[in-house]
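**Q** What shape does this take:
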Amino acid sequence: MKYLGLKDLSSYRIAFDLSNYIWRIVIKWDYFAKDTVGRQLVKAVDSISANIAEGFGRYFKKDKINFYRYSYGSIEESVDWAEKANKRKLLGNNEYLHISGELERLPKEVNSLIKFTNDRLTV
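**A** Numbering: from 1, shown residues only. I've put the predicted structure just below:
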């Protein structure tokens with residue numbers, strides 16, 4: 001019997017990959033952009049996968065779901081910082097489209113994870 005691992009969660013994989021994608025973009029920005037918008041964008045996006053990982057590591061269903069829900073807030077914060085980065089011409093059009101597309105997908109993925117956790121766990 002194979003147990004579900006963190007890397008088996010599509011919500012985690014999407015968030016983790018997105019955070020590394022954004023890191024590779026932001027690391028090239030000049031100091032001011034990196035220190036203001038970049039730092040906040042990276043922290044917000046990193047927080048999405050980190051909250052999913054922390055929830056996955058919790059024992060009780062309510063704890064798990066709480067952390068999965070925290071990731072929603074991080075998704076919304078990431079959307080805001082991505083919009084700012086786009087308006088301030090820090091992102092290329094293709095970069096922005098990829099980031100916003102993934103951030104649009106993530107709430108549905110996290111919601112599926114919450115539903116799965118609710119349906120499968122009793123504790």
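**Q** quick one, strands of this structure?
**A** For the chain, no strands are identified by DSSP state E.
**Q** Please enumerate the helices of it.
**A** 10-26, 31-33, 39-56, 61-87, 93-120 (DSSP state H).
**Q** right, so of these, which gets closest to residue 2?
**A** helix 93-120 (14.6 Å; CB to CB). (C-beta placed from N, C-alpha, C; glycine too.)
**Q** Counting by contacts, list what the closest one packs against.
**A** helix 10-26, helix 39-56, helix 61-87 (3 or more CB pairs under 8 Å, 6 or more residues apart in numbering; DSSP states H and E).
**Q** tell me the most buried of those?
**A** Stretch with highest mean neighbour count among the helices and strands packed on helix 93-120: helix 39-56 (a mean of 21; mean count of other CB atoms under 10 Å).
**Q** from the middle of its chain, how far away would that one be?
**A** The chain centre lies 5 Å from the centre of helix 39-56; the measure is CA atoms, centre = their mean, to the nearest Å.
**Q** Could you check the angle that helix makes with helix 93-120?
**A** Interaxial angle, helix 39-56 versus helix 93-120 (axes from the mean of the first three to the mean of the last three CA atoms, to 10 degrees): 20 degrees.
**Q** Quick check: the gap between residue 70 and residue 64.
**A** Separation of residue 70 from residue 64 (CB to CB, to the nearest Å): 11 Å.
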